[in-house]
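> whatever this is, show me its structure:
(chains A and B)
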Amino acid sequence: MIDVIDLKKHFGEFQALKGITTTIHEGEKVAVIGPSGSGKSTFLRCLNCLEDPTSGDIVFDGVNIADFKVDINIHRRKMGMVFQQFNLFNNKTVIENIMMAPLYIKKQELRSLKLKNFFIKITNIFTKNKKNLYEIDKAKSQIVEEVRENALRLLKRIGLEDKADVYPSTLSGGQKQRIAIVRALAMNPKVILFDEPTSALDPEMVGEVLDLIKQLADEGMTLVIVTHEMGFAREVATRVIFMDEGMIVEENTPEEIFTNPQNPRTKAFLSKVL
Amino acid sequence: MGSFERKIAKFWEIFIEYDGYKRVLTGLQNTLYIAIVGLAIGIVIGTIIAIIEVIPKYKKLPRVLNGICKFYVALFRGSPVVVQLLVFYYVVFPLLGLNIPAVNVCVLVFGLNSAAYVSEIMRGGIMSVDSGQMEAARAVGLSYGVSMLKVIVPQAVKNILPTLGNEFIALIKETSVVSFVGAADLYVAFNYIGTNSYEFMVPYLVMALIYIVLVAIIAFLVKIMERSLRKSDRRN
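Just a heads-up that it's a prediction; the model follows:
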């Protein structure tokens, strides 16, 4: 589903990524591990072009989104992202956080249809062969209601429906991160990218977030997770990528990586963290 | 002491019997009108300038716009507002062949002037918002502009509201120069009372009091607004 071809990223003189080539297939759960500064977060952020790649291609659903001319916003809607620092919108309540992007996009579609219809109506006045109008089957209020219901359903799923109308600053880290995950889910993404989702959490809250990610994995969602939780990577991932110094050093099934690492650098890293 | 009472009596006479209070009310109305509409114009233009200044400058268009904004800010911060008033009233509008009431010229000039200051305040506010907010908005597929308007600017406004309140207060005080182009503000009203009673002490004292009370009220309102905007920060 995502083909990464010779991806390079430079920050000035510093080469963060030195040519990454890999493919993320549909339904795969890929864990990216490696020492800090190895470029794993940069790699993840390049996948949805939050960092513009210096060179190389990222082909998502047949479109090279690394291309400047592509409207990246449309493709990002199909790639959820969850951050280490949660990044819930501080000026919006929990439910507004979840509803904002889907609501905006659906309203935008409605507006553009109405605009097109308006122009068709005008041209129809002057031409003989009348063009048909686009069908508008939903009013704005219906759209709002639908998006709201979906958001409430997602909140219920994580057991936080009573927090719908509070601001993020009143929540614990674990709650924030679970809401960030359902905010990504609200867009019905094809893949979700996790950038160290549990690194900023208090230890007792790591479990609830990992459980939710595990649920998504069991439902067949495609996941790419940058993580330091080796146990979790081993349990949930179908493939583990070990990165060091901006390159993929080794990639394999979790069993192979964790019990029988081939590369000496992988061995050295795992002996430190396991 | 007796002379002071006489002064008050004289002021009162002009104030009530010769319709001085009507002029004061008109003056107050103009002062507030110029300050409020001026600040509104300032906030809109200032926000646009601030956003242009923080846009990543990969392409040519943002760079050109940024240059224009820099020039604009330098122009309006680099000269006194009185000079700008005079230039607009006696140079720019006559050259354009427009005949606009003095009060509206004042509104425009104060708007353009405060835009230059508000843009700097707003830029600081935008930069004070955590960069993760923008990333999260972009990551759900919103464009740069929409992310800015729906996520960043509201938070920036909250951060800069006290400073913006100060800007409004400064604006109210600065409007006391609009009589330079013949707009009737508080100063003109009290000057009228003073000239007609040959007695300036009481009118200007009252004028000073009005300004002080006005500013105190606005400071109070800003505080209330600040508190209600901060509700998203509070743990409850």
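
> all helices for the chain, in order.
You didn't say which chain, so I picked chain A. A:40-47, A:72-76, A:94-126, A:140-157, A:173-185, A:203-218, A:230-236, A:254-259, A:264-273 (DSSP state H).

> ah, I was thinking of chain B
Using DSSP H, the helices found in chain B span residues B:2-12, B:20-54, B:60-77, B:81-87, B:93-96, B:102-128, B:131-139, B:144-147, B:153-174, B:186-197, B:201-229.

> low-confidence ranges, the chain, go.
No chain specified, so I'll use chain A. Applying pLDDT under 70 to chain A flags no residue at all.

> let me rephrase: I mean chain B.
B:1-2, B:229-236.

> can you count the residues close to A:V209?
Neighbour count of A:V209, defined by other CB atoms under 10 Å in any protein chain shown: 25. Quick note: C-beta positions are derived from backbone N, CA and C, even for glycine.

> isn't it right up against A:T198?
Yes. Using CB atoms under 8 Å, A:V209 is in contact with A:T198, at 5.5 Å.

> near chain B, which residues of the stretch 51-200 of chain A? Just list them.
Counting by CB under 8 Å from any CB of the partner chain, the stretch 51-200 of chain A comes close to chain B at A:73-77, A:79-81, A:83, A:85, A:87-93, A:100-101, A:104-105, A:167-170, A:180, A:183-184, A:187.

> in TSV, list the helices of chain A along with distance to A:H25.
Listed next are the helices of chain A as TSV, based on distance: least, CB to CB, whole Å:
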stretch	distance to A:H25
helix A:40-47	14
helix A:72-76	18
helix A:94-126	26
helix A:140-157	26
helix A:173-185	20
helix A:203-218	14
helix A:230-236	16
helix A:254-259	16
helix A:264-273	22
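
> need the buried ones from the residues of the stretch 51-200 of chain A next to chain B selected in PyMOL.
The PyMOL selection below is limited to those of those classed as buried (16 or more other CB atoms under 10 Å in any protein chain shown):
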select buried, chain A and resi 73+75+76+77+79+80+81+83+85+87+88+89+90+91+92+93+100+101+104+105+167+168+170+180+183+184+187
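
> picking that back up, any common contacting residues for A:V209 and A:T198?
Shared between the contact lists of A:V209 and A:T198 (criterion: CB atoms under 8 Å, 6 or more residues apart in numbering or on different chains) are residues A:Q177.

> how close does A:I65 get to A:D71?
Distance, A:I65 to A:D71, by CB to CB, to the nearest Å: 9 Å.

> and those two? which has more neighbours close in?
Remark: of A:I65 and A:D71, A:I65 carries more neighbours, 22 against 11, as counted by other CB under 10 Å.

> that one against A:C49, yeah?
Yes. Using CB under 8 Å, A:I65 makes contact with A:C49 at a distance of 5.7 Å.

> A:S199: what's its closest spatial neighbour, skipping adjacent residues?
In this structure, A:S199 finds its nearest non-sequential neighbour in A:Q84, 5.1 Å apart by CB to CB, 6 or more residues apart in numbering or on different chains.

> so what's the one you found up against?
A:D195, A:E196, A:P197, A:S199, A:A200.

> out of those residues, which sit inside strands?
Cross-referencing the contacts of A:Q84 against strands under DSSP state E gives A:D195.

> let's see if you can find the most crowded of the contacts of A:Q84.
Neighbour tally across these (other CB under 10 Å): the maximum, 27 neighbours, falls on A:P197.

> can you count the residues close to residue 210?
Just so you know, I chose chain A. When neighbours are counted by other CB under 10 Å, A:L210 registers 20.

> meant chain B actually
17.

> and it, how far from B:F4?
Counting by CB to CB, the gap from B:I210 to B:F4 is 19 Å.

> cool, A:E135 as well?
Noted for A:E135: a distance of 81 Å to B:F4, by CB to CB.

> try A:P102
From A:P102 over to B:F4 the distance is 70 Å, taken as CB to CB.

> who has more neighbours out of the two?
In this view A:P102 and B:F4 are compared by other CB under 10 Å, and A:P102 has more residues nearby, 22 against 10.

> quick one: furthest residue from the center of chain A?
What lies farthest from the middle of chain A is A:K128; by CA atoms, centre = their mean that is 48.5 Å.

> return the distance of stretch B:19-31 from the chain's centre.
In terms of CA atoms, centre = their mean, to the nearest Å, the centre of stretch B:19-31 is set 19 Å apart from its chain centre.

> quick check: buried residues in it?
Buried residues in stretch B:19-31, defined by neighbour count with 16+ other CB under 10 Å: B:G20, B:R23, B:V24, B:G27, B:N30, B:T31.

> extract the C-alpha set from it and format it as PDB.
Extracted in PDB, the C-alpha atoms of stretch B:19-31 (Å, rounded to 0.1, in the frame of the first residue of the first chain):
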ATOM      1  CA  ASP B  19     -25.800  71.800  24.800                       C
ATOM      2  CA  GLY B  20     -22.200  71.100  25.700                       C
ATOM      3  CA  TYR B  21     -23.200  67.600  26.800                       C
ATOM      4  CA  LYS B  22     -24.400  66.800  23.300                       C
ATOM      5  CA  ARG B  23     -21.000  67.700  22.000                       C
ATOM      6  CA  VAL B  24     -19.400  65.600  24.700                       C
ATOM      7  CA  LEU B  25     -21.600  62.600  23.800                       C
ATOM      8  CA  THR B  26     -20.800  63.000  20.100                       C
ATOM      9  CA  GLY B  27     -17.100  63.300  21.000                       C
ATOM     10  CA  LEU B  28     -17.300  60.200  23.100                       C
ATOM     11  CA  GLN B  29     -19.100  58.400  20.400                       C
ATOM     12  CA  ASN B  30     -16.500  59.400  17.800                       C
ATOM     13  CA  THR B  31     -13.700  58.400  20.100                       C
END
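
> which residues sit against it?
By CB under 8 Å, 6+ apart, the list of residues contacting stretch B:19-31 reads B:14-15, B:103, B:172, B:175-176, B:178, B:183-190, B:192-193, B:196, B:210, B:214.
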